[in-house]
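Enquirer: Got a sequence here, can you build the structure:
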Amino acid sequence: MVRHAGVTDKRIITGFAKLATLLDRRNSEIYGTCMSLIVGFLHKRCRLSISTAAEKSIMNRMAESQDIQTLCRNNRLKEAFDILHDMEMRGVEIDCHSYTHLLDSCASAKALAEGKRIHAHLLTRGIGEKNTFLETKLEIMYVKCGSIEDARHVFNELPERNIFSWNAMIGGYAKHGFWERTMDLFSELRCTGMHLDIFVFPSVLKACGGLVAMQTGKLVHGYVIRCAFEEDIFVGNALIDMYAKCRSVEDARKVFDKMPERDVVSWNAIIAGYVQNGQGCESLKLFSQMQLAGMKADSVTVSSILPACANLADLEQGKKIHDLIRSSGFESDVFVGSALVDMYAKCRSIENARHVFDKMSRRDVVTWNSMIAGYAQNGLGDEALMLMYKMQLTGMKPNSVTVMSVLAVCTNLTALQQGEEIHGFVIRGGLESDAIVGSALVVMYAKCGNIVNAHQVFDRIPQRDVALWNAIISGYAMHGHGEETLKLFYEMQKASITPDGITLTSVLSACSHAGLVNEGWQYFRSMSHDYGIMRTVEHYACMVDLLGRSGCLREAQHLINKMPLEPDACVLGALLGACRMHGNIELAECVAERLFVLEPQNAGNYVLMSNIYATAGRGDDVAKIRKMMKDRGLIKNPGCSWIEVDNKAHAFYVGDKSHPQAEVIYAMLESLAGKMKDAGYAPNMHFVLQDVEEEDKGLVLYGHSEKLAIIFGLINTCPGTPIRVINNLRMCGDCHTATKFISSFVGREIFVRDTNRFHHFRDGICSCGDYW
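Expert: So this is what the prediction gives:
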């Protein structure tokens with residue numbers, strides 16, 4: 001009886017084994033079931049004696065395959081591959097079910113090299129050529145490992161494609177941001193006539209959002225409705241995200257309101273949508289509704305809502321959300337921490353931002369960038385630069401965002417030496433060819449007065465986008481190089497780069513600084529017809545400035561009166577400045593009256609009108625303007641100039657005697673003043689508005705901040721070194737004249753950047769040609 005049972009058992013096992021081998025190439029799932037039955041049967045019949053070598057080989061193969069599957073399920077990929085390698089060496093055939101487990105494990109571990117090794121096995125043994133299930137697993141492995149081209153190659157070689165193969169490839173393209181390819185493949189799928197399932201739509205909708213393709217997204221929404229998938233929560237979440245990214249938050253809200261069921265992802269999508277579209281107040285209302293609905297916020301929720309507090313500068317609400325983060329245990333989340341740092345920094349609570357930053361146990365590059373940008377945005381340039389150096393000491397490598405933040409700091413401080421150090425880091429880090437970093441470098445060099453270096457950076461970038469062209473064109477315009485600016489604009493069009501509104505603003509500004517009236521009119525009139533650009537108030541302001549500087553005041557006034565847009569303070573301010581330049585008091589009074597209504601708290605407009613009256617000798621009107629300012633509690637913004645020496649910025653105010661070297665500075669200034677008088681210089685008293693005696697007005701002029709910064713630079717730098725100064729106001733005429741004399745006497749190049757442009761003084765001549 002025992003012998004008979006043993007023979008029966010062997011027949012059963014052999015039968016299962018043959019069936020499993022037959023199914024191995026056809027249906028991996030059924031094969032797995034067969035394998036489990038055999039192993040279970042063996043455990044029950046442990047007395048069984050296997051008599052033949054073939055039977056032993058089958059049983060060994062089954063046991064080893066089961067070991068591989070068990071190891072894969074437990075994420076022990078290396079050990080599974082050790083067994084695979086041993087089976088290879090002994091020439092033992094491996095079943096498809098084991099390959100499936102190995103591919104899944106490679107996908108989870110993103111082990112591309114091991115996944116390619118399995119692919120090679122399949123190719124050399126001819127396994128999987130007609131097994132769509134296994135080939136789809138191979139395709140998914142490549143997608144999850146980020147090798148999208150390999151995935152497409154597998155997809156293309158499939159003899160038959162089912163909906164799972166299509167979904168895997170479409171989902172792979174969407175996951176890796178290949179939006180156009182996602183949509184192209186979706187179109188191909190529709191052409192096959194294959195029935196669309198629910199899983200394809202989230203990927204396609206993600207691509208529509210990535211492309212900001214609103215109309216295409218609506219067409220896909222139509223397919224969703226026809227397929228009766230609209231009530232699916234995953235599809236609904238994808239629709240909300242797509243509409244939000246297409247800047248149609250109203251449509252996103254309609255989808256959200258219609259959803260029969262919502263999860264935390266649904267709430268996160270609509271809240272983030274409102275934040276992304278600049279509707280922070282609405283997003284905060286939704287956040288409150290979410291809590292009232294009993295939906296528990298997760299780390300994504302708070303990371304999405306904190307930018308709303310940051311954009312609204314709502315520190316109180318931000319602190320409440322911070323309390324929620326503490327009570328929910330999200331503080332250790334690096335994304336939440338970065339969002340908190342950014343929120344506090346934008347709410348100008350930099351101490352709280354640094355406290356959160358210091359408490360974080362783990363920081364990524366985004367966290368460091370948030371803190372560095374926070375310092376930069378709050379005017380703490382030195383702290384931003386120091387933190388970037390500390391970032392590198394910890395082993396964290398700065399990226400392009402870091403570089404842009406610190407370069408902005410150097411631009412604001414005119415810290416050219418530090419900017420050059422950062423440029424060195426950019427070169428060493430291989431970031432110089434990055435168009436975004438390149439644009440920031442061009443802007444930094446241009447604003448620090450070194451347009452030559454700016455152009456050298458521009459020339460070294462192979463792929464130039466519109467932002468990079470705008471940076472170099474704006475740089476030349478700022479330096480008053482009108483002809484060079486127009487030449488670059490021509491080269492930009494020749495390179496097939498379409499100009500935008502920013503480009504034309506720079507071009508018109510260059511025409512204004514260089515007095516190119518005819519050229520300015522030509523570009524202004526051709527904006528809509530030749531470039532498809534709608535004129536904005538910025539373009540009108542540039543044109544008014546150009547006409548005003550050229551003395552065409554009535555023409556400028558006529559242009560303002562014909563504007564299809566309401567003229568803002570920039571437009572009217574440009575005309576008021578022109579009235580001062582050309583002494584047109586009547587027109588100035590009309591313009592000033594409108595500006596006092598538009599900007600009642602802008603002291604600059606009152607000061608400019610006071611200047612106009614003072615120049616005309618109308619003291620009573622000057623007194624009226626001063627009384628008006630006093631009654632409205634307005635104070636003139638004090639003139640301030642900065643200069644960088646030895647990587648440190650030094651600030652000087654009008655009549656400033658607080659600097660440690662003040663005595664030496666004023667002594668040298670007095671010495672130079674004597675030489676300038678001998679050479680024909682006479683102080684221009686029209687630029688002194690204080691109530692002081694006439695003989696004291698010259699002393700006031702000597703104390704203007706530009707002069708103090710320049711003299712400090714001459715004292716503390718080596719002979720021949722260029723002097724670079726930044727001024728918070730328009731450079732006054734007396735300082736302009738004096739700086740020309742100084743540049744001639746000391747044989748130095750002097751660069752002064754005021755609120756309008758750069759002045760490059762050399763050998764007694766300014767690059768503006770006394771036209772500013």
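Enquirer: Low-confidence stretches in the chain?
Expert: Residue ranges of the chain with pLDDT under 70: 1-69, 72, 74, 77, 83-95, 127-130, 412-414, 683-702, 772.
Enquirer: Tell me where the stretch 201-350 of the chain has helices.
Expert: 214-226, 233-245, 249-258, 264-276, 280-292, 299-312, 315-328, 334-346, 350-359 (DSSP state H, counting those that start in this stretch).
Enquirer: what's the closest of those to Tyr99?
Expert: Relative to Tyr99, the nearest member of the helices of the stretch 201-350 of the chain by C-beta to C-beta is helix 233-245, separated by 29.5 Å. All C-beta atoms are positioned from the backbone trio N, CA, C, and that covers glycine.
Enquirer: Would you mind pulling up the elements that that closest one packs against?
Expert: With contacts defined as 3 or more C-beta pairs under 8 Å, 6 or more residues apart in numbering; DSSP states H and E, helix 233-245 has these neighbours: helix 200-210, helix 214-226, helix 249-258, helix 264-276.
Enquirer: For the ones you listed, please prepare CSV with the additional fields mean neighbour count.
Expert: Compiled in CSV, those are given as follows (neighbours: other C-beta atoms under 10 Å):
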stretch, mean neighbour count
helix 200-210, 24
helix 214-226, 16
helix 249-258, 18
helix 264-276, 23
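Enquirer: Mind putting those into JSON lines with distance to Tyr243?
Expert: Converted to JSON lines, those look like this (distance: least, C-beta to C-beta, whole Å):
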{"stretch": "helix 200-210", "distance to Tyr243": "8"}
{"stretch": "helix 214-226", "distance to Tyr243": "7"}
{"stretch": "helix 249-258", "distance to Tyr243": "4"}
{"stretch": "helix 264-276", "distance to Tyr243": "7"}
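Enquirer: Which of the ones you listed sits closest to Gly374?
Expert: Taking the helices and strands packed on helix 233-245 one by one with C-beta to C-beta, helix 264-276 is closest: 18.6 Å.
Enquirer: Identify all contacting residues around that closest one.
Expert: With C-beta atoms under 8 Å, 6 or more residues apart in numbering as the contact definition, helix 264-276 has outside contacts at 233, 236-237, 240-241, 243-245, 249, 252-253, 256, 259, 280, 282-283, 286-287, 290, 295-298, 300-301, 304-305, 307-308, 311.
Enquirer: Report the buried members of the residues you listed.
Expert: Among the contacts of helix 264-276, those classed as buried by 16 or more other C-beta atoms under 10 Å are 236-237, 240-241, 243-245, 249, 252-253, 256, 259, 280, 282-283, 286-287, 290, 295, 297-298, 300-301, 304-305, 307-308, 311.
Enquirer: just to revisit the earlier point, export the helices of the stretch 201-350 of the chain as a markdown table, with columns for distance to Thr717.
Expert: Converted to a markdown table, these look like this (distance: least, C-beta to C-beta, whole Å):
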| stretch | distance to Thr717 |
| --- | --- |
| helix 214-226 | 57 |
| helix 233-245 | 52 |
| helix 249-258 | 55 |
| helix 264-276 | 48 |
| helix 280-292 | 47 |
| helix 299-312 | 41 |
| helix 315-328 | 43 |
| helix 334-346 | 34 |
| helix 350-359 | 32 |
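Enquirer: Would you mind saying which of these lies nearest Arg161?
Expert: Nearest of the helices of the stretch 201-350 of the chain to Arg161, taken as C-beta to C-beta: helix 214-226 at 19.4 Å.
Enquirer: Helix 233-245 and the closest one, what's the angle between them?
Expert: Per axes from the mean of the first three to the mean of the last three C-alpha atoms, to 10 degrees, the angle that helix 214-226 makes with helix 233-245 is 160 degrees.
Enquirer: which outside residues touch helix 214-226?
Expert: Contacts of helix 214-226 (C-beta under 8 Å, 6+ apart): 183, 196, 201, 204-205, 208-209, 230, 235, 239, 242-243, 246-248.
Enquirer: Which pair of these spans the longest distance?
Expert: Leu196 and Arg247 (27.0 Å).
Enquirer: Kindly export the helix or strand where Met169 lies (C-alpha atoms) in CSV.
Expert: Taking DSSP states H and E as the definition, Met169 sits inside helix 163-175. Presented in CSV, the C-alpha positions along helix 163-175 are these (Å, rounded to 0.1, in the frame of the first residue of the first chain):
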residue,chain,number,x,y,z
ILE,A,163,-4.1,47.8,-22.0
PHE,A,164,-1.6,47.1,-19.2
SER,A,165,1.3,47.6,-21.6
TRP,A,166,-0.1,50.8,-22.9
ASN,A,167,-0.9,52.1,-19.4
ALA,A,168,2.7,51.2,-18.2
MET,A,169,4.3,53.2,-21.1
ILE,A,170,1.9,56.2,-20.9
GLY,A,171,2.3,56.3,-17.1
GLY,A,172,6.1,56.1,-17.5
TYR,A,173,6.2,59.1,-19.8
ALA,A,174,4.0,61.1,-17.4
LYS,A,175,6.0,60.1,-14.4
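Enquirer: in it, what's buried?
Expert: Neighbour-count burial for helix 163-175 [16+ other C-beta under 10 Å]: 164-174.
Enquirer: try stretch 727-738
Expert: Neighbour-count burial for stretch 727-738 [16+ other C-beta under 10 Å]: 727, 729-732, 734-738.
Enquirer: Run the angle between whichever helix or strand comes after the helix holding Met169 and helix 214-226 for me.
Expert: Later in the chain than helix 163-175, the nearest helix or strand by DSSP H and E is helix 179-192. Angle between the axes of helix 179-192 and helix 214-226 is 40 degrees (criterion: the same axes, to 10 degrees).
Enquirer: Can you verify Pro719 is assigned to a strand?
Expert: No - counting by DSSP: H, G, I helix; E, B strand; the rest coil, Pro719 falls outside a strand, being coil.
Enquirer: OK, contacts around it?
Expert: For Pro719, the contact set (C-beta under 8 Å, 6+ apart) comprises 747-748.
Enquirer: The same query, at a cut-off of 10 Å, please.
Expert: 746-748 (C-beta atoms under 10 Å, 6 or more residues apart in numbering).
Enquirer: What segments of the protein are strands?
Expert: 640-645, 648-653, 723-727, 750-753, 758-762, 765-766 (DSSP state E).
Enquirer: How about Val356, nearest residue that isn't a chain neighbour?
Expert: Leu340 (4.7 Å; C-beta to C-beta, 6 or more residues apart in numbering).
Enquirer: can you check Arg748 too?
Expert: Arg748's closest residue in space is Ile723 (C-beta to C-beta, 6+ apart), at 5.7 Å.
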